[in-house]
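1. A predicted structure for the sequence below; I have some questions about it.
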Amino acid sequence: MKNNERKNQLIKAASKRFSKLGYYKTTLEEVARDIRIGKATIYHYFTSKDELYNAVLEWESNDIIEKIKSIFNDETIDISERFIKYFELKNNILSDNKIISLLFIRKISSELNEKESELLERLIADESKIIGLVMSFLNREQIEKYDDKIPKELVYLSWMISVINNKLIKDGTEKNLFSDSRIKSIIKSFLP
């Protein structure tokens, strides 16, 4: 097996473990056992559990950005539907990219370490850049009125909706506070 393939295999296995058990309860022995290698092999690719964890965060962050790009590059659906798909993606973040979702929750309570905070800020900046490009294209006739803070506000809003919806569903309080129709009305307030 090539080095990059093994490294990616380790990252994916670690992602599953960290998502299921959290950082502190996950051991390198379990990650190694999941892909049937010795623990020492992990150290060929990563110097520590922290380094592996950061690689998982980076991988999940890149995965989210690629999904967002894919949504907004899909010219087969109109722009409002792309935003709906974007919000749907965010609603599924907790199950699809649990570690990143938990980072955002921990950011709210100021529990992030420096590396986690940097990674989350980069994710938000990358996501805001994509949303900004889409919105500036939509607002090209009214570009002088365009507020460049809107994309970042929309990104934070999408994360907050995701966190709230997932919290309510987990608690059994409500099925879905932000329905498609409510999300559509939110999106309309941001679009020209």
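-> It's in.
2. quick one: average confidence on stretch 44-51?
-> For stretch 44-51, mean pLDDT rounds to 95.
3. Just give me how far it sits from the chain centre.
-> Centroid displacement of stretch 44-51 relative to its chain, using CA atoms, centre = their mean, to the nearest Å, is 22 Å.
4. Likewise for stretch 114-129?
-> Centre-to-centre, stretch 114-129 and its host chain are 10 Å apart (CA atoms, centre = their mean).
5. Go ahead and flag the most central residue of the protein.
-> Geometric centre of the chain, nearest residue: I64, 4.7 Å, by CA atoms, centre = their mean.
6. Tell me the secondary structure of that one, please.
-> helix (DSSP: H, G, I helix; E, B strand; the rest coil).
7. if I pick the nearest residue to it once chain neighbours are set aside, what's in contact with it?
-> Ranked by CB to CB, 6 or more residues apart in numbering and with sequence neighbours excluded, the top spatial neighbour of I64 is N97, at 5.7 Å. All C-beta atoms are positioned from the backbone trio N, CA, C, and that covers glycine. Contacts for N97 (CB atoms under 8 Å, 6 or more residues apart in numbering) come out as E60, D63, I64.
8. who's in contact with I93?
-> I93 touches I64, I100, S101, S162, N166, counting by CB under 8 Å, 6+ apart.
9. Quick one: mean pLDDT over the one helix or strand the second one maps to.
-> Assignment of secondary structure by DSSP states H and E places I100 within helix 98-108. pLDDT averaged over helix 98-108 equals 80, rounded to a whole number.
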